[in-house]
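Novice: Just need the structure, nothing else, for what follows:
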Amino acid sequence: VCWVCLVFLGLLYHMGTIRTNKLQDYWKRGYLFDLPCFNSRMSRDRWILILLCLHFAKNPAQDDAPEPRNRLYKINPLLDIFHANINRIQYPTRVLAIDESIVLC
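Specialist: Predicted coordinates for the structure are as follows:
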């Protein structure tokens, strides 16, 4: 895996922890918006270009196929890899502690 991909995904994950109104605000420089981890790792234009070019599956033909029921059908292979790795890494032991507040759910 190339370092550009890792930086792109790292910034994407970090955007989930820091909320801004616009995507461009992550790269703004100023008193309220200075987030050096974004500016120092990758330029805004390069990040947006990678985001626009990211493609996981072939688009269905306009006339041939109906709209797929699963809205995540394009990234299902990526999700399968993610779930397989999580299942490989995280293995629950025999002793699990369940909080009383979620027992009713």
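Novice: Distance from the chain centre to the least confident helix or strand in the chain by mean pLDDT, please.
Specialist: Least confident helix or strand of the chain, by mean pLDDT, DSSP states H and E, is helix 76-89 with a mean of 82. Centroid displacement of helix 76-89 relative to its chain, using Cα atoms, centre = their mean, to the nearest Å, is 13 Å.
Novice: do the same with stretch 70-77
Specialist: Using Cα atoms, centre = their mean, the offset of stretch 70-77 from its chain centre is 13 Å.
Novice: Could you work out the end-to-end span of that stretch for me?
Specialist: Using Cα to Cα, to the nearest Å, the end-to-end distance of stretch 70-77 comes out at 13 Å.
Novice: Run through this protein and note the low-pLDDT ranges.
Specialist: Along the chain, the parts satisfying pLDDT under 70 run over 1, 57, 59-68, 90-105.
Novice: Quick one: the strands in it, in order.
Specialist: Remark: no strands are assigned in the chain by DSSP state E.
Novice: Show me the helices in it, by range?
Specialist: Here the chain has its helices, by DSSP state H, at 3-15, 36-41, 44-53, 76-89.
Novice: would you turn those helices into TSV with distance to residue 22?
Specialist: Bear in mind the C-beta positions are built from the backbone N, C-alpha and C, glycine included. Formatted as TSV, these follow (distance: least, Cβ to Cβ, whole Å):
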stretch	distance to residue 22
helix 3-15	12
helix 36-41	13
helix 44-53	11
helix 76-89	26
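Novice: need these in JSON lines with mean neighbour count and distance to residue 28, can you?
Specialist: Formatted as JSON lines, the helices of the chain follow (neighbours: other Cβ atoms under 10 Å; distance: least, Cβ to Cβ, whole Å):
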{"stretch": "helix 3-15", "mean neighbour count": "13", "distance to residue 28": "14"}
{"stretch": "helix 36-41", "mean neighbour count": "13", "distance to residue 28": "9"}
{"stretch": "helix 44-53", "mean neighbour count": "12", "distance to residue 28": "9"}
{"stretch": "helix 76-89", "mean neighbour count": "10", "distance to residue 28": "30"}
